[in-house]
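>>> Return atomic coordinates for the entry below.
(chains A and B)
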Number of protein chains: 2
Amino acid sequence: MPRQRATDAVAIRFDVVDRAEAISAITAATAALGGRIRTLATVRPIDGTPPLVEIELEVEGVGEDALVAALEAVDDVRTIHRTQALGTIFGKRIIVVGGGAQVAQVALGAVSEADRHNLRGERISVDTIPLVGEPAIAAAVRAVADLPRARLLVLAGSIMGGDISVAAEELRAVGIPIIALNMVGSITDHVDLVVSDPVQAGTMAVMAVADTATFDLERQRGRRY
Amino acid sequence: MPRQRATDAVAIRFDVVDRAEAISAITAATAALGGRIRTLATVRPIDGTPPLVEIELEVEGVGEDALVAALEAVDDVRTIHRTQALGTIFGKRIIVVGGGAQVAQVALGAVSEADRHNLRGERISVDTIPLVGEPAIAAAVRAVADLPRARLLVLAGSIMGGDISVAAEELRAVGIPIIALNMVGSITDHVDLVVSDPVQAGTMAVMAVADTATFDLERQRGRRY
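Residues are numbered from 1 along each chain as shown, chains lettered A, B, ... in the order given. The predicted structure is shown next:
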């Protein structure tokens, strides 16, 4: 299995002293190699003297050995692990947000369908959070725009509207489509597709992003099932 | 609702010209403010001349206005949005990996239980991927160590062992506990807890990470239910 599939990014996880200058030294060393940082994520803090943080770094346009050598030359960097870019492991992400009962049923459909596509070489994850209340759900809808590899949002609930509908339009404007369950409220006028059965909604969500499926959300836009 | 809950990180999403020097300019500007970068994630590419990328940036130890002003001063930076740190929205992550049928049932339990805790102020997400085969699953187990905010892994399947068991011990060594379904293979000797019912496994996984629950995985270590 190749180390990089979905992207040509190399990925390294390392411990580094937790101070602002250390991160700058790392990004400067990466830039000096001509690498473009795709991800620099603090995975966890490590207590001690001095306190460390563990960081996952993904860089395009640079070789793995060169990147490791460059990081080893940074004073504040400690243990280095070679790892794999998260996109090659967890792939495209379907995000499911809403009430617990509906989220669980959408997840059932989506996970079952993702299983079928992942068996044929896709990598599709189904990431969920049950939430209640207009402010919390609207904030989560907006935050999907900040999630790497998020490809589609499913809104799973019984009543949604107001600021959630505003947030839905904002999310679609950055290119992330939305499927909503058929429900009370204005949300169903602000999504790409409305589906009554939550298991089918999850299934269609995965079909819409799978290269191994023949489902075109463009052709279904505005429909209700 | 405060803009920052789980961390004191400020979060910004912005478009920037896709070249190595631009990222360095951003990290240098952030360091000059004394900020510690917690996340710098490429969310999506934007075609055009020149090509841009959209980046989500989370920084601790700096005010939001100061960070926005510093980014506005970087030549290559375009549109800037103020957003919220992902930890405040999606919170702690339970990761579920394995066969589709079992993953879906674990997710059902975990989402239902997360719903109950999120109603009381927790933020717990349930993130899943159905996968088949020892190499793919072992790689996913190792990659959980690279996932920000991952707090616990549930291995949901019918047979796992070999390199998956090796990967499980590696993951536990970085401090992420594992619950496995009762199944064929050596994996059940290399996890913190074994649970036969997938819905209960998902429920216990959420209880183990929720501050609003009174379940101590330490006291259950090595048991089978």
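
>>> three-state assignment of the residue in chain A sticking out farthest from the centre?
Largest separation from the mean C-alpha position in chain A: residue A:49, at 33.7 Å (C-alpha atoms, centre = their mean). When classified by DSSP: H, G, I helix; E, B strand; the rest coil, residue A:49 comes out as coil.

>>> For it, give its distance to chain B.
17 Å (C-beta to the nearest C-beta, to the nearest Å). Any C-beta I mention is one placed from the backbone N, CA and C, and that applies to glycine too.

>>> How about the backbone phi and psi for that residue?
Per-residue torsions, residue A:49: phi -130, psi 110 (degrees, to the nearest 10).

>>> Before we move on, what's the pLDDT of it?
Here the pLDDT value assigned to residue A:49 is 90.

>>> Could you do residue A:214 as well?
pLDDT, read off for residue A:214, is 86.

>>> what about it, is that helix, strand or coil?
Here residue A:214 is recorded as coil under three-state DSSP.

>>> Now do the phi/psi pair for it.
Dihedral angles for residue A:214 - degrees, to the nearest 10 - are phi -120, psi 60.

>>> Also residue A:148?
Residue torsions, per degrees, to the nearest 10, at residue A:148 are phi -60, psi 140.

>>> Identify the residues contacting it.
With contacts defined as C-beta atoms under 8 Å, 6 or more residues apart in numbering or on different chains, residue A:148 is in contact with A:39, A:86-87, B:41-43, B:56.

>>> out of those residues, which are inside strands?
A:39, B:41-43, B:56 (DSSP state E).

>>> Strands of chain A, start to end?
Using DSSP E, strands in chain A cover A:10-17, A:36-46, A:52-60, A:77-83, A:92-98, A:124-130, A:150-156, A:178-181, A:193-195.

>>> Mind putting those into a markdown table with mean neighbour count, distance to chain B and mean pLDDT?
What follows is the strands of chain A, written out as a markdown table (neighbours: other C-beta atoms under 10 Å in any protein chain shown; distance: least, C-beta to the nearest C-beta, whole Å; pLDDT from 0 to 100):
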| stretch | mean neighbour count | distance to chain B | mean pLDDT |
| --- | --- | --- | --- |
| strand A:10-17 | 22 | 6 | 96 |
| strand A:36-46 | 21 | 4 | 93 |
| strand A:52-60 | 24 | 4 | 95 |
| strand A:77-83 | 16 | 5 | 95 |
| strand A:92-98 | 27 | 8 | 98 |
| strand A:124-130 | 28 | 4 | 98 |
| strand A:150-156 | 27 | 8 | 98 |
| strand A:178-181 | 26 | 15 | 98 |
| strand A:193-195 | 23 | 18 | 98 |
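
>>> Out of the ones you listed, the one nearest residue A:115 is which?
strand A:124-130 (9.1 Å; C-beta to C-beta).

>>> how much does that closest one deviate in direction from strand B:92-98?
If you take axes from the mean of the first three to the mean of the last three C-alpha atoms, to 10 degrees, strand A:124-130 sits at 140 degrees to strand B:92-98.

>>> In TSV: the strands of chain A, plus distance to residue B:179.
Listed next are the strands of chain A as TSV, based on distance: least, C-beta to C-beta, whole Å:
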stretch	distance to residue B:179
strand A:10-17	23
strand A:36-46	19
strand A:52-60	23
strand A:77-83	23
strand A:92-98	22
strand A:124-130	18
strand A:150-156	25
strand A:178-181	30
strand A:193-195	32
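
>>> So which of these is nearest residue B:143?
strand A:77-83 (7.0 Å).

>>> ok, and what's touching the closest one?
Against strand A:77-83 from outside (C-beta under 8 Å, 6+ apart): A:11-17, A:22, A:26, A:52, A:56, A:64, A:68, A:71-72, B:142-143, B:145-146.

>>> Nearest approach to residue B:32 belongs to which of the strands of chain A?
strand A:36-46 (17.3 Å).

>>> now the angle between strand A:77-83 and the closest one, please.
Using the same axes, to 10 degrees, strand A:36-46 lies at 120 degrees relative to strand A:77-83.

>>> Strand partners (parallel or antiparallel) of strand A:36-46?
Applying DSSP bridges to the sheet, strand A:36-46 is found paired with strand A:52-60 (antiparallel), strand B:36-46 (antiparallel).

>>> which residues touch the shortest one?
Contacts of strand A:52-60 with the rest of the structure, by C-beta under 8 Å, 6+ apart, involve A:7-18, A:26, A:30, A:35-46, A:67, A:71, A:78, A:83, A:85-86, B:146, B:148, B:174.

>>> Give me the neighbour count for the residue nearest to residue A:21 when sequence neighbours are not counted.
In space, and not counting its chain neighbours, residue A:21 is closest to residue B:31: 6.1 Å by C-beta to C-beta, 6 or more residues apart in numbering or on different chains. Other residues within reach of residue B:31 by the criterion other C-beta atoms under 10 Å in any protein chain shown amount to 23.

>>> wait, residue B:31 sits on residue A:26?
No. Counting by C-beta atoms under 8 Å, residue B:31 does not reach residue A:26; the two are 10.7 Å apart.

>>> Figure out which of the strands paired with strand A:36-46 is closest to residue B:101.
Using C-beta to C-beta, the nearest of the strands paired with strand A:36-46 to residue B:101 is strand A:52-60, at 30.6 Å.

>>> what angle do the closest one and strand A:10-17 make?
Using the same axes, to 10 degrees, strand A:52-60 lies at 160 degrees relative to strand A:10-17.

>>> from the middle of its chain, how far away would strand A:52-60 be?
17 Å (C-alpha atoms, centre = their mean, to the nearest Å).

>>> Quick one: neighbours of residue A:69, just the number.
13.

>>> hang on, the earlier thing: distance to residue A:136 for the strands paired with strand A:36-46 - can I get that in JSON lines?
As requested, the strands paired with strand A:36-46 are exported to JSON lines (distance: least, C-beta to C-beta, whole Å):
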{"stretch": "strand A:52-60", "distance to residue A:136": "28"}
{"stretch": "strand B:36-46", "distance to residue A:136": "21"}
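
>>> quick one: which of those is nearest residue B:153?
strand A:52-60 (16.2 Å).

>>> Determine the longest helix present in chain A.
helix A:100-118 (DSSP state H).

>>> What is the neighbour count of residue A:197?
Count around residue A:197 with other C-beta under 10 Å applied: 15.

>>> Also residue A:220?
Residue A:220: 18 neighbours (other C-beta under 10 Å).

>>> Kindly report the same for residue A:119.
Residue A:119 has 14 nearby residues by other C-beta under 10 Å.

>>> Let me know the pLDDT of the residue nearest to it when sequence neighbours are not counted.
Excluding its sequence neighbours, the residue lying closest to residue A:119 (C-beta to C-beta, 6+ apart) is residue B:132, at 5.7 Å. What the model reports as pLDDT for residue B:132 is 95.

>>> Great, nothing more from me.
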